[in-house]
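Asks: Provided below for reference: sequence and predicted model.
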Amino acid sequence: MKTSRRTFVKISALAALGTAFFPGSVFAAKKQKGMVGLQLYSVRTEMSKDPLGSLTQLAKMGYVYVEHANYINRKFYGYAAPEFKKVLDGLGLKMISGHTVMGRQHWDEAKKDFSDSWKFTVEDAAVLGQKWVISPSMDANMRKTYDDFKRYMDVFNKSGELCKKSGMKFGYHNHAFEFSEKLNNEKVFDIMMKSLDTNLVAMQLDIGNLYNGGAVALDVMNQYPNRFEIIHVKDEIESSGGNEKYISTVLGEGIVNTKKVVNLARKIGGTNCYIIEQESYGTKTPMDCVKEDLDIMKKWGY
């Protein structure tokens with residue numbers, strides 16, 4: 001069918017008008033809401049050798065948000081907090097969250113107060129502009145008995161109060177034991193979910209790690225609606241060796257049904273931050289994998 005130039009221009013103008021006034025209509029490409037970032041442990045070797053060069057590569061890929069996994073002696077990847085903030089700002093990156101294990105040594109039971117080292121952790125996280133200060137796992141000596149574990153859940157809530165003073169939230173990131181271990185015949189994860197104050201502490205659900213604990217991501221998301229404002233986006237395949245049955249892989253290639261899980265997280269999980277993490281890479285390089293992961297998330301509308 002032939003279309004005159006005048007008709008074509010008129011149709012184009014109407015389409016543009018429709019897009020302007022009806023952004024949710026068929027004229028506009030739909031995009032899911034939420035921040036997509038990368039856990040820098042995914043490129044840990046690269047970050048240890050050349051943090052500036054690695055972050056530059058990630059920014060060029062299209063990453064905006066990152067989550068650190070290296071805070072030692074008040075330095076992030078060798079940079080003091082103000083210096084690292086300048087590096088991130090210069091690359092257009094935002095440190096949305098960070099992983100630093102909070103151990104038994106960080107709470108003084110006699111003084112009912114946190115150690116200076118934990119206070120510095122929170123202080124430096126605030127300098128970077130973090131939204132979450134996350135402990136990625138838990139020492140075994142903090143969960144020997146049910147009562148001891150419950151006391152540390154109270155400490156987690158207190159850490160949430162400390163973070164709140166700087167406009168942040170404390171968070172916890174699961175591995176596998178939270179689903180496989182029980183105290184008083186109750187899963188550690190379930191005890192955490194009923195003990196943590198949702199106004200102060202966020203549970204960062206790692207949708208891949210939990211498979212090694214015998215859990216299924218979709219089931220956990222359905223069991224605890226509106227509880228996962230930040231998640232780790234992963235996929236898993238069976239391991240050919242090692243201590244774990246499953247290891248991570250490129251998104252969409254494993255057993256997690258990652259696209260369905262992140263869509264459910266958006267719909268019922270209360271999720272607004274999606275942190276990509278891949279820890280094993282097959283024959284590919286870590287950088288190639290995280291680029292592919294980001295492209296896949298964009299393809300899914302995130």
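Replies: Nice, thanks for sending it over.

Asks: backbone phi and psi for residue 238, please?
Replies: phi -70, psi 140 (degrees, to the nearest 10).

Asks: quick one: residues contacting it.
Replies: 245-247, 255 (C-beta atoms under 8 Å, 6 or more residues apart in numbering). C-beta coordinates here come from the backbone N, C-alpha and C atoms, glycine included.

Asks: before we move on, what about residue 160?
Replies: Applying C-beta under 8 Å, 6+ apart, the residues near residue 160 are 169-170, 196-197, 199-201.

Asks: so residue 254 touches residue 247, yeah?
Replies: No. Using C-beta atoms under 8 Å, residue 254 makes no contact with residue 247, being 9.1 Å away.

Asks: need the residues touching each of these two.
Replies: 236-237.

Asks: returning to what we had before: pull out the buried residues from the contacts of residue 160.
Replies: Buried members of those, counted by 16 or more other C-beta atoms under 10 Å: 169-170, 196, 200-201.

Asks: report the two of those separated the most.
Replies: 169 and 196 (10.7 Å; C-beta to C-beta).

Asks: grab the longest helix from this structure for me.
Replies: helix 146-164 (DSSP state H).

Asks: mind checking pLDDT for residue 3?
Replies: Here the pLDDT value assigned to residue 3 is 43.

Asks: what does residue 14 give?
Replies: 41.

Asks: pLDDT on the longest helix of the chain, on average?
Replies: Rounded mean pLDDT across helix 146-164 is 98.

Asks: next: stretch 101-109.
Replies: Mean predicted confidence for stretch 101-109 is 96.

Asks: now find how far off-centre it is within its chain.
Replies: Relative to its parent chain, stretch 101-109 has a centroid offset of 23 Å by C-alpha atoms, centre = their mean, to the nearest Å.
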